[in-house]
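Undergrad: Task: produce atomic coordinates for the following.
(one chain, ligands or ions: 1)
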Amino acid sequence: MRLARLDARRITLDLQPDDLLRAYRLMLRARLLDERLAELRAQGHAIGGAVCRGHEAAQVGCVEPLRVGLDYILPYYRDLAAMLAVGMPVEAIFLNQLSRATDPISGGRMRPAQWNSRALRVVSASGLVATQTLHAAGIALAAQLRHEGAVALTFFGEGATSEGDFHEALNFAGLHHLPVIFVCENNGIALSTPQTAQMPVAHVADRAAAYGMPGVIVDGSDVLAVLATAREAFARARAGQGPTLIEVIIPRLSGSGDDADPRDPVEGLRAYLLSRGDMTPAADASLRAELRAAQEAALAAALDAPLPDPQTVRDHLFAPGSAPTEDERKGG
Ligand SMILES: Cc1ncc(C[n+]2csc(CCOP(=O)(O)OP(=O)(O)O)c2C)c(N)n1
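TA: Residues are numbered from 1 along each chain as shown. This is a model prediction of the structure:
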């Protein structure tokens, strides 16, 4: 049944086997990296960060129509697969998660997973949820005024939609027909608050009508459904038709990676590729081995990289000459 749905979409979207294999490779790379990062956190090597498990299709599908280097992406801490999809190297992610001095994201200074890259037009998120939605609207306004043809794509959780920032961003974007796409990765729980205790409507997408934009609900276990929705949203944005609110319903997968969950987006695509003969079990096994080997090499290099020099702990915090003296610090 699920495979039939994927098949129908593949045909409508005119996807070739290579397109599907590329998506699978990205989703699998994210899954393996996510699992490795969780181990490193449990071992005390890495701090902070949230799991991406179950969110892979939402992120890889939404990023697919993005033009890297032209469009802007404003992620949140869960967007590991989105970062891989825009081309952030695994090495950079390890250096960041292990807070190394050579971390290209913040030199090991910021909390991990506040990704950014000038070249990839990844804009760093604040630690406060939903602020990136306002930044995305502002960037989309600038792109519109400059006739850049760029689209801003931003991600957030359903809990973030209770913030005033979310409403201001969508209102402004809707009013000015801005080229921005708001993607809510709805996993049903914000820390410990279930969605039902968070909002009086059944769907985040229901709110889109209030801001004069389409609101689309899509199944986060089906990467092709997400991709189809994202393509439409990008086409609208590029055609000057304004923003879209996409709500991706994220499957909450079991904690163990061993049982195949029918809603697992990575497993679903894998089963589909095998069923069509686009990938053999042997090719799948060698892909996993290849991704794991590259991942371990990147990790070994990151573990060898130096930690930031403690003497630099106050760098970049104060304008030159304005840092409090040692005495002032002790007194204050
Ligand atoms: C403005 C603000 N309030 C509270 C927090 C603390 N906080 C960090 S993550 C989080 C949960 C956010 O949930 P959601 O937006 O649904 O994203 P999820 O982590 O579930 O993907 C909260 C409340 C914060 N970072 N910023």
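
Undergrad: Would you tell me which residues of the protein are close to the ligand?
TA: When proximity is defined by C-beta under 6 Å from any ligand atom, the chain lies next to the ligand at 50, 78, 127-129, 156-160, 163, 185, 187, 189-191. Placement of C-beta: from N, CA and C, glycine included.

Undergrad: Just the ones of those residues in strands?
TA: 156, 157, 185, 189, 190 (DSSP state E).

Undergrad: Report the two of these separated the most.
TA: Checked with C-beta to C-beta, these reach their widest spread between 156 and 189, with 14.2 Å between them.

Undergrad: which one of these two has more residues nearby?
TA: Between residue 156 and residue 189, counting by other C-beta atoms under 10 Å, residue 156 is the more crowded of the two (29 against 15).

Undergrad: Give the full set of residues in contact with the more buried one.
TA: Contact analysis of residue 156 by C-beta atoms under 8 Å, 6 or more residues apart in numbering lists 76, 129, 130, 132, 133, 166, 182, 183, 184, 185.

Undergrad: I'd guessed the first one sits against residue 157; true?
TA: In this case it means residue 76. Yes. Judged on C-beta atoms under 8 Å, residue 76 makes contact with residue 157 at a distance of 6.9 Å.

Undergrad: Spell out which residues are contacts of both of those two.
TA: Where contact means C-beta under 8 Å, 6+ apart, the residues bridging residue 76 and residue 157 through contact with each are residue 129.

Undergrad: Give me the distance between stretch 172-189 and the centre of its chain.
TA: Chain-centre distance of stretch 172-189: 14 Å, with C-alpha atoms, centre = their mean, to the nearest Å.

Undergrad: Could the C-alpha coordinates of that stretch be exported in CSV?
TA: Extracted in CSV, the C-alpha atoms of stretch 172-189 (Å, rounded to 0.1, in the frame of the first residue of the first chain):
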residue,chain,number,x,y,z
PHE,A,172,4.3,40.1,7.6
ALA,A,173,5.2,37.5,5.0
GLY,A,174,1.6,37.0,4.0
LEU,A,175,0.9,40.7,3.7
HIS,A,176,3.9,41.4,1.5
HIS,A,177,3.8,38.1,-0.5
LEU,A,178,7.3,37.3,0.5
PRO,A,179,9.3,34.4,-1.0
VAL,A,180,9.5,32.4,2.2
ILE,A,181,8.5,28.9,3.1
PHE,A,182,7.7,28.1,6.7
VAL,A,183,8.1,24.4,7.6
CYS,A,184,6.8,23.1,10.9
GLU,A,185,8.2,19.7,11.8
ASN,A,186,5.4,18.6,14.0
ASN,A,187,6.6,15.8,16.2
GLY,A,188,3.7,16.2,18.6
ILE,A,189,5.7,17.2,21.7
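
Undergrad: Ranking helices and strands of this protein by mean pLDDT, which lands last?
TA: helix 326-331 (a mean of 78; mean pLDDT, DSSP states H and E).

Undergrad: Nearest to the ligand: which residue in the stretch 101-250 of the chain?
TA: Distances from the stretch 101-250 of the chain to the ligand, computed as C-beta to the nearest ligand atom, single out residue 157 as the nearest residue at 2.0 Å.

Undergrad: in the sheet, who's paired with that residue?
TA: Beta bridges link residue 157 to residue 185 when assigned by DSSP bridges.

Undergrad: residue contacts, it?
TA: Residue 157 makes contact with 76, 78, 129, 184, 185, 186, 187, 190, according to C-beta under 8 Å, 6+ apart.

Undergrad: What does the residue most central in space within the chain show for phi and psi?
TA: The structure's the chain has its C-alpha centroid closest to residue 79; by C-alpha atoms, centre = their mean the separation is 2.3 Å. Here the main-chain torsion angles of residue 79 (degrees, to the nearest 10) amount to phi -90, psi 50.

Undergrad: Pretty sure it sits against residue 153.
TA: No. Proximity of residue 79 to residue 153 does not meet the contact threshold set by C-beta under 8 Å, at 10.3 Å.
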